[in-house]
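**Student:** Here is my input; please provide its structure:
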Amino acid sequence: MTSLREIRESWRSEHPDRDFERVRPLLRLSSLAHLVPAFQKAALAPHELSPSEYSILGALRRAGRPRQLQPEDLYNALGCTPGGLTKMIDRLERRGLVQRMSDREDGRRARIRLTTRGAAIERRAFADYSDAAERLMAPLSDDEIGQINSALEFLSAIFEESAAAPPPVEGAGRLAEVRAQRGGGGAEPDHAAGREAK
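**Tutor:** Reported below is the predicted structural model:
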């Protein structure tokens, strides 16, 4: 995979009149978009779950008792298509992790319920995923973790506002909310300027 340093140097050579500092965070996110799913797959592999399948089990658990949701609630939460969700639910149902149930108020609709076996698998998968995340992030200090969380919160707010229609009123919106929570500033700068992400 081409490193961010190589991309930056190429841009500097081809476009010396441009400042790409505000593009660099997006390049880092693009790189992480490949690395994070691989980490998730490896952590969940012992449970024979894909990250999306685990998300279904987690969403049902978080729904509270009786741990069931309608399919539209799930594909809205997961951001997947109804067809894709149906295939994942079929796989989970064959393993006995979820169960389709008729809606008491509308017999034409189904609800997806987390089974006892599914709840047990979800708990074990969550524990393994959490342990893997702890090991991955162990080299970072608490301050560094705080800086990362702060920066990602700002980026999330920017994307949320960019996707909003109509644009938020100036001084309002998610970005202003994050700034207020953070005391008006952004993430603390990383003074280890010599380090470059690969």
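**Student:** Report all helices and strands that the helix or strand that contains Ala176 contacts.
**Tutor:** Using DSSP states H and E, Ala176 maps to helix 173-181. In terms of contacts (3 or more C-beta pairs under 8 Å, 6 or more residues apart in numbering; DSSP states H and E), helix 173-181 is packed against helix 142-163. For every residue, glycine as well, the C-beta is placed using N, CA and C.
**Student:** Strands of the chain, start to end?
**Tutor:** 68-69, 98-102, 110-114 (DSSP state E).
**Student:** any low-confidence regions in the chain?
**Tutor:** 1-12, 19, 103-108, 165-172, 184-198 (pLDDT under 70).
**Student:** quick revisit: nearest to Ala163, of the strands of the chain?
**Tutor:** strand 68-69 (24.3 Å; C-beta to C-beta).
**Student:** Show me how far that closest one is from its chain's centre.
**Tutor:** 21 Å (C-alpha atoms, centre = their mean, to the nearest Å).
**Student:** same thing with stretch 60-78?
**Tutor:** How far stretch 60-78 lies from its chain's middle: 17 Å, per C-alpha atoms, centre = their mean.
**Student:** what residues does it touch?
**Tutor:** 52, 55-56, 59, 81-82, 84-86, 89, 98, 101, 103, 109-114, 118-119, 122 (C-beta atoms under 8 Å, 6 or more residues apart in numbering).
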